[in-house]
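# Sequence first, predicted coordinates after that:
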Amino acid sequence: MYKIYFLEVEEEDEPRLRELTKRYDIEIFPNAMDEDEIIEKCSDADILSPFIYSNITKKAIDALPNLKLVATRSTGCDHIDVQHAEQKNIGVRNIPDYGSNTVAEHAFALIFAVVRRILEASGSVKKGNFSYKGLRGMDLKGKTIGVIGTGRIGLHLIQIAKGLDMNVIAYDVIKNEKAASELGFKYVPFEELLKSSDIISMHVPLFKSTYHLINKNNLSLIKRGAILINTSRGAVVSTEALIEGINRGIFKGIGLDVLEDERELNKDHPLLKRDNVVITPHTAFLTEESMARIIDKTMKNIDDFFDS
């Protein structure tokens with residue numbers, strides 16, 4: 001019987017996970033692990049199933065003699081040394097699509113929170129002040145949203161934007177011209193997107209080519225008063241650029257579900273002091289429906305790997 005170690009599992013998801021793993025010997029841990037903890041606690045693993053914060057490094061891979069498969073419960077694999085795993089004939093499986101609509105909806109939740117100043121307004125009311133003074137927002141209809149990355153999530157976000165009568169432009173190294181024609185958006189060069197967008201929404205994976213895609217060097221290209229939304233990976237946007245952009249008024253507002261330093265975030269982080277910055281704790285994926293899909297697709301990946 002194969003031994004599976006599931007890392008970073010929410011208590012609410014354990015019953016479904018246990019129901020689907022009766023053919024395996026499983027251990028479930030609620031927290032993320034570093035490489036030393038993985039080596040210590042998962043030494044007899046045939047399968048590791050991390051989420052997003054447990055790093056499956058070369059050192060960890062080499063220390064697990066029985067390891068056959070890393071089945072991450074995420075789309076991104078930047079927390080796994082995929083190349084080294086493949087060199088050792090260890091399979092790596094991810095979940096390309098568990099929540100295209102889920103993440104796109106959250107991105108728009110951040111957009112609405114920023115443009116309609118929802119948190120400021122709610123906070124004011126909770127303090128007993130029912131005045132709308134100083135809380136003027138802006139319409140989305142007719143505004144230009146620049147979508148960086150037109151995979152499943154980016155395309156779903158575009159569908160929502162078109163439903164709100166927004167003008168959509170996009171940038172991607174791989175263009176989906178069929179989708180552009182069907183959904184009514186156009187691809188533009190990266191610099192043009194930065195210059196033309198009232199709202200910029202990030203939907204790219206983290207690669208070397210996308211690391212700090214928005215940075216201090218191209219900050220000056222961004223249309224003054226734009227709103228930046230990031231629900232992809234923290235490191236695709238430089239934290240320094242975020243801070244400088246908001247301080248200089250280049251960004252009218254920012255909505256983030258991810259930060260490149262999110263695991264070290266504390267109350268003194270400069271972005272937390274700004275009313276026009278809305279930050280959620282990496283919850284864009286987190287709905288009842290998406291978590292069920294994550295578990296189901298992870299187990300299908302594991303079953304298919306051993307049944308093939």
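The structure has been received and is ready for your questions. Residues are numbered from 1 along each chain as shown.
# where's the most centrally placed residue in the chain, which helix or strand?
Residue closest to the mean C-alpha point of the chain, counted by CA atoms, centre = their mean, is Ser232 at 3.3 Å. Here Ser232, judged by DSSP states H and E, is contained in no helix and no strand.
# got a list of what the residue lying closest to it once chain neighbours are set aside touches?
Among residues not flanking Ser232 along the chain, Met202 sits closest, at 4.7 Å (CB to CB, 6 or more residues apart in numbering). C-beta: built from backbone N, CA, C; applies to glycine. Residues in contact with Met202, defined by CB atoms under 8 Å, 6 or more residues apart in numbering, are Ile148, Gly149, Leu213, Ile214, Leu228, Ile229, Asn230, Thr231, Ser232, Val236, Val237.
# same thing but 10 Å
By CB atoms under 10 Å, 6 or more residues apart in numbering, the contact set of Met202 is 107, 146-149, 154, 210, 213-214, 228-234, 236-237, 256-258.
# from the middle of its chain, how far away would stretch 235-249 be?
18 Å (CA atoms, centre = their mean, to the nearest Å).
# scratch that, stretch 193-207 is what I was asking about
14 Å.
# rewinding a little: look up how far Thr210 lies from the residue nearest to Ser232.
Applying CB to CB, to the nearest Å, the value for Met202 to Thr210 is 9 Å.
# Determine the residues that are contacts of both of the two.
Joint contacts of Met202 and Thr210 (CB under 10 Å, 6+ apart) are Ile148, Gly149, Ser232, Arg233, Val236, Val237.
# ok, and the closest non-adjacent residue to the last one?
Looking back up the chat, that one is Val237. Ile214 (4.6 Å).
# shouldn't the one you found be in contact with Glu244?
No - applying CB atoms under 10 Å, one finds Ile214 not in contact with Glu244, separated by 11.1 Å.
# of these two, who's got more company?
More neighbours surround Ile214 than the other of Ile214 and Glu244, with 23 against 16 (other CB atoms under 10 Å).
# mind checking the backbone torsions on that one?
phi -110, psi 120 (degrees, to the nearest 10).
# And it, how far from Glu240?
11 Å.
# how's this protein carved up into domains?
3-96+287-307, 100-279 (automatic domain parsing).
# can those go into CSV with extra columns for mean pLDDT?
Below are the domains of the chain laid out as CSV (pLDDT from 0 to 100):
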stretch, mean pLDDT
domain 3-96+287-307, 94
domain 100-279, 96
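# Would you mark the buried spots in stretch 160-174?
Under the neighbour-count criterion of 16 or more other CB atoms under 10 Å, stretch 160-174 has Ile160, Ala161, Met166, Asn167, Val168, Ile169, Ala170, Tyr171, Asp172 buried.
# Stretch 63-80 too?
For stretch 63-80, by 16+ other CB under 10 Å, it's 63-64, 67-75, 77, 79-80.
# what separates it from the chain centre, distance-wise?
18 Å.
# ok so, going back, now, among the shared contacts of Met202 and Thr210, which is nearest to Asp34?
Arg233 (19.4 Å; CB to CB).
# which helix is the longest one in the chain?
When the chain is parsed with DSSP state H, its longest helix is helix 288-307.
# Near Leu194, how many other residues are there?
Counted with other CB under 10 Å, Leu194 comes out at 21.
# quick one: what helix or strand has it in it?
helix 190-196.
# ok, and what's touching that helix?
Residues contacting helix 190-196 (CB under 10 Å, 6+ apart): 144-148, 167, 169-173, 187-189, 200, 213-214, 218-223, 226.
# for that helix, which positions count as buried?
Those would be Phe190, Leu193, Leu194, Ser196, for helix 190-196 by 16+ other CB under 10 Å.
# Going through the contacts of helix 190-196, which ones are buried?
Counted by 16+ other CB under 10 Å, the contacts of helix 190-196 give 144-148, 167, 169-172, 187-188, 200, 213-214, 219, 222-223, 226 as buried.
# The residue nearest to Ser131 when sequence neighbours are not counted - how many residues pack around it?
Leaving aside its chain neighbours, Ser131 sits nearest to Ser124 (7.3 Å; criterion: CB to CB, 6+ apart). Using other CB under 10 Å, Ser124 is surrounded by 17 other residues.
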